[in-house]
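**Q** Please find the sequence and the predicted model below.
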Amino acid sequence: MGALGHEVRYRLRQFRNNLGFTSVVICILAVGIVTNSSTSGTARQEFEKGESARKTGDFATAATAYRKAIEIDPAFTKAHEQFILTTMWAARRP
């Protein structure tokens, strides 16, 4: 198989991986819209720690903070959403 064949297979694999990522994000957002929780102050504080860490690119710290928020309030949909997205972003980093 020539270089063009390898390039096509590579591009198809990238498309498939991105499509899977997009599908997961759409499902998470749909659940977030449907689910509404009254979040405790402590869970909200952990979530905000995660947001701050994520914005600086510290995905490990962000994921830990989101996980704590989820443990405090399992119905905190936004924390679930950000935890999943953050762990996916961290896995995609070189």
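**A** That came through, no problem. Residues are numbered from 1 along each chain as shown.

**Q** wait, what's in contact with the nearest residue to His80 once chain neighbours are set aside?
**A** Of all residues not flanking His80 in the chain, Ile70 sits nearest, at 6.0 Å (C-beta to C-beta, 6 or more residues apart in numbering). To be clear about C-beta, it is placed using only N, CA and C from the backbone, and glycine gets the same treatment. Applying C-beta atoms under 8 Å, 6 or more residues apart in numbering, we find Ile70 in contact with 43, 76, 79-80, 83.

**Q** out of the residues you listed, which one sits closest to Ser52?
**A** Of all the contacts of Ile70, Ala79 has the smallest distance to Ser52: 13.9 Å, by C-beta to C-beta.

**Q** isn't the closest one right up against Lys49?
**A** No. Because the distance of 10.9 Å does not satisfy C-beta atoms under 8 Å, Ala79 is recorded as not touching Lys49.

**Q** okay, these two: which has more neighbours?
**A** Between Ala79 and Lys49, Ala79 has the larger neighbour count (other C-beta atoms under 10 Å), namely 27 against 17.

**Q** Right, I'll call it a day here.
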